[in-house]
Each structure stands twice: as C-alpha cells, then as structure tokens.
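# Here is my input, please return the structure:
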Amino acid sequence: MDEENEYYIQSSCMACGKCITRCPQHCIDLKGSMAVIRQEDCRHCGECRDVCPVGAVAVFDWAVCKTGRTEAGFE
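Purely as a prediction, here's the structure:
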C-alpha cells in the first residue's frame, strides 16, 4: 500500500463489477456505466487493478506529479 498513489477507473471500464466484488474496503460504486472509487475510503491495495479484465484501473502517482513531469503520474 502506497499513500502517494491513488487508483482511478478509466473510461474503458465495462461495468462488469469484478472490482466492486473484490474490493476489501467496499469503496467502489457503480455510477452509470462505470465503476468509481471513493478515494476517501480507498486503502490503495491494488485488488481492483489486479482483477480488472480490461485494465481500466489506473494509478495516479502524486510523487511523480510533484516532480513536474508531463506524464502527470499515470501508470
């Protein structure tokens, strides 16, 4: 778990619900046609990313963003 990272669901999400079921914090909700992570409850364990069949979960690395790199920290 890394407190400098935040997990986000990208638009490639198919709303299959696998991340919702897998999340140990129960902090992922289905909003319309995609999943959304409640950042305030997320513990950054990566379970959602591991289970996503389409790779829709991205990690935003604040440490990289703070360096001013143009990639803005997305993995």
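# Over to the closest residue to Glu47 other than its chain neighbours: give its phi and psi.
Closest residue in space to Glu47, ignoring its immediate chain neighbours: Arg22 at 4.9 Å, by C-beta to C-beta, 6 or more residues apart in numbering. The way it works is simple: take the backbone N, C-alpha and C, and place the C-beta from them, glycine included. Arg22 adopts backbone torsions of phi -80, psi -30, taken as degrees, to the nearest 10.
# Any idea what Leu30 is bridged to?
Beta bridges link Leu30 to Ala35 when assigned by DSSP bridges.
# Quick one: residues contacting it.
Residues near Leu30 by C-beta atoms under 8 Å, 6 or more residues apart in numbering: 15, 17, 20, 36.
# Quick check: of those, which has the highest neighbour count?
Ile20 (18 neighbours; other C-beta atoms under 10 Å).
# so is that one in a helix, a strand, or just coil?
helix (DSSP: H, G, I helix; E, B strand; the rest coil).
# What score does it have for pLDDT?
Listed pLDDT for Ile20 reads 97.
# same check, this time on Phe74
Note for Phe74: predicted pLDDT of 48.
# swap in Gly55?
Per-residue confidence (pLDDT) for Gly55: 96.
# if I read this right, it contacts Cys13, doesn't it?
No. Gly55 lies out of contact with Cys13 (C-beta atoms under 8 Å); the separation is 9.9 Å.
# all helices for this protein, in order.
18-22, 47-51, 62-66 (DSSP state H).
# Spatially, what comes nearest to Tyr8 if we skip its sequence neighbours?
Distance criterion C-beta to C-beta, 6+ apart; nearest residue to Tyr8, sequence neighbours excluded, is Ala58 at 5.2 Å.
# Ok, Lys18 next?
According to C-beta to C-beta, 6+ apart, the nearest residue to Lys18 is Val51 (4.8 Å).
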